[in-house]
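Chemist: Starting from these lines, generate the structure:
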Amino acid sequence: MTAPVSRDLGRALCIITGASKGFGRTLAIQVYSLLKPNSVLLLVARSRDKLNELRADLASSETDRAGLAIRCVVADLREKEGIEETVRAARETPSADIEHLLLINNAASLGDVSRLATSFTDPREVDSYFSLNVSSALSLTAGLLGAFPQRPGLRRCVVNVSSLCALQPFPSWVLYCTGKAARNMMFQVLAKEEPDLRVLSYAPGPLDTEMQVQARSTTRDPELRKTLSALHAEGKLLTCGESVAKLVKLLLEDGYQSGAHIDFYDL
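Modeler: A predicted model of the protein is given here:
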């Protein structure tokens, strides 16, 4: 018999990185409406002003959300201090007070797509990209899982916001594709190591965001740039709301295989 689909995310501590704009901002808004009273929504980004704007929007969007705390962490996740500050802020919520730990690793950058792979001769430049797009996701996930170990009555879930680029090579996107592929494998390993943990890599599809503007404006490969421009010109880009709705549906139904990579178009 199929288990009933949950209508909410429970009394949760939900951490969203890259929450100040685009997909992360839209995700924060939708998740907020699905948290039970006494939950905590922890929003992480580098922009203090945009985080404060989001917190104000959330606080004014409902009149019956008493007991739901919104906390903001201004942090650069490329740095150890940013990881530690985020974990420290999460620890302010005692584990016994929550029934669901939900971490959504959304923070990411496109990288320099105006160049081909053979131009990246400086390892410091490459390391700087991977510190945000790979290392931070692993270190933050490890830190939070350590802060909230498995116990009876606690459901733990980690989401990796992924991309088709984790599975397919896009010319002139060597940093982005490599980073997404590394994260995909990282979370597959985590799912194998932690059988009590729910792990999902979700590819949100081609979104109408600032990153897509950057991609269609600066991509070096002419065919890929033409394809990206056509998606925009023909109105085939997805809104963040459309894509977030499918991710939320996956989380509520909770029927995916842990470690799976699921694309917007798979659903």
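Chemist: going forward, measure contacts between C-alpha atoms and count neighbours the same way
Modeler: Will do.
Chemist: At which residues are the helices of the chain located?
Modeler: Ranges of helices within the chain are 22-32, 48-61, 80-91, 123-130, 136-147, 174-193, 210-218, 222-233, 240-253, based on DSSP state H.
Chemist: of those helices, which approaches Leu116 most closely?
Modeler: Using Cα to Cα as the measure, helix 174-193 is the one of these that comes nearest Leu116, at 7.3 Å.
Chemist: average model confidence for that closest one?
Modeler: The average of the pLDDT scores along helix 174-193 is 98.
Chemist: tally of neighbours for Glu81?
Modeler: If you count neighbours by other Cα atoms under 10 Å, Glu81 ends up with 12.
Chemist: cool, and Ser135?
Modeler: Using other Cα under 10 Å, Ser135 has 20 neighbouring residues.
Chemist: Model confidence score at it, please.
Modeler: 98.
Chemist: and what of Ala66?
Modeler: pLDDT at Ala66 comes out at 67.
Chemist: Equivalent analysis for Tyr265, please.
Modeler: Reported pLDDT for Tyr265: 98.
Chemist: Not counting sequence-adjacent ones, nearest residue to it?
Modeler: Excluding the flanking residues, the one nearest Tyr265 by Cα to Cα, 6 or more residues apart in numbering is Gly205, at 7.3 Å.
Chemist: Now do the contacts for that neighbour.
Modeler: Residues near Gly205 by Cα atoms under 8 Å, 6 or more residues apart in numbering: Ser163, Leu164, Leu238, Ser243, Asp263, Phe264, Tyr265.
Chemist: And for Glu79?
Modeler: Ser131, Ser136.
Chemist: Mind pulling up the pLDDT for the residue nearest to Tyr265?
Modeler: On pLDDT, Gly205 comes in at 98.
Chemist: cool, and Met1?
Modeler: 47.
Chemist: Next one: the residue most central in space within the chain from Tyr202, what distance?
Modeler: By Cα atoms, centre = their mean, the chain has its centre lying nearest to Asn106, at 2.1 Å. Distance, Asn106 to Tyr202, by Cα to Cα, to the nearest Å: 10 Å.
Chemist: what do those two both touch?
Modeler: With Cα under 8 Å, 6+ apart, Asn106 and Tyr202 have common neighbours Asn160, Val161.
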